[in-house]
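Visitor: Take this sequence and fold it.
(one chain, ligands or ions: 1)
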Amino acid sequence: MSKSIDKESVEDLMMSAREAAESAYCPYSKYPVGAALLGVDGEVYTGCNVENVSYGLSMCAERTAVFNAVGNGCRRFIAMALAGGKDKAATPCGACRQVLSEFCDATMPVFYADLAEGEIQEATMGELLPLAFKKK
Ligand code: THU
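Guide: As a prediction, the model looks like this:
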């Protein structure tokens, strides 16, 4: 069961995601993305997309955030905020959904919005990745 998150904390988490997008290294796509995961330890773990001239080696913001959190000892999360896009808000790609599903309950909310002042939308992990691959 996921812990819940209040509206003000959602806005703070989205601010962290939008700030993280400012660190994005995306000279090829010119599409910055930032992610912020709120851990059950109360810490916020951020990530941005990091591209490479060998394009397939590029890494998304969400996976950077997950690896940052896990590398710092946090494996369970209350919510994630994702900021990307100018007019249309980015949503997590399929690969990131699978990686997130390793550590996040199906009920965990994912908040997503554009990089500016756009409205914050919400979906659960279960809605984003129904029938996620799990061994048990
Ligand atoms: N990107 C992310 O960081 N997260 C997503 O969920 C979608 C795509 C990045 C990858 C690439 O650096 C850029 O956005 C354009 O696809």
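
Visitor: Helix or strand: which one has A79?
Guide: strand 77-84 (DSSP states H and E).

Visitor: Mind giving me the packing neighbours of that strand?
Guide: helix 7-21, strand 33-39, helix 61-71, strand 109-113 (3 or more CB pairs under 8 Å, 6 or more residues apart in numbering; DSSP states H and E). In short, each C-beta sits where N, CA and C put it, glycine included.

Visitor: hey, which of the ones you listed is tucked in deepest?
Guide: Highest mean neighbour count of the helices and strands packed on strand 77-84: strand 33-39, a mean of 27 (counted as mean count of other CB atoms under 10 Å).

Visitor: how about the nearest residue to K88, chain neighbours excluded?
Guide: D114 (6.9 Å; CB to CB, 6 or more residues apart in numbering).

Visitor: thought that neighbour was touching D87?
Guide: Yes. Taking contacts as CB atoms under 8 Å, D114 lies within contact range of D87: 6.8 Å.

Visitor: ok, these two, which is more surrounded?
Guide: Between D114 and D87, counted using other CB atoms under 10 Å, the more crowded position is D114 (18 against 7).

Visitor: How about the contacts made by that one?
Guide: Going by CB atoms under 8 Å, 6 or more residues apart in numbering, D114 touches A83, G84, G85, K86, D87, K88, A89, A90.

Visitor: Going by neighbour count, which of these comes out on top?
Guide: Comparing the contacts of D114 by number of neighbours (other CB under 10 Å), A83 comes first, having 31 neighbours.

Visitor: measure stretch 108-126 end to end?
Guide: Its first and final residues considered, stretch 108-126 spans 8 Å by CA to CA, to the nearest Å.

Visitor: Say whether the ligand is contacted by it.
Guide: No. Remark: stretch 108-126 sits outside contact range of the ligand, by CB under 6 Å from any ligand atom, the gap being at least 9.1 Å.

Visitor: any idea of the mean pLDDT in that stretch?
Guide: With pLDDT averaged residue by residue, stretch 108-126 scores 97.

Visitor: check which helix or strand covers E122.
Guide: Going by DSSP H and E, E122 is part of strand 121-124.
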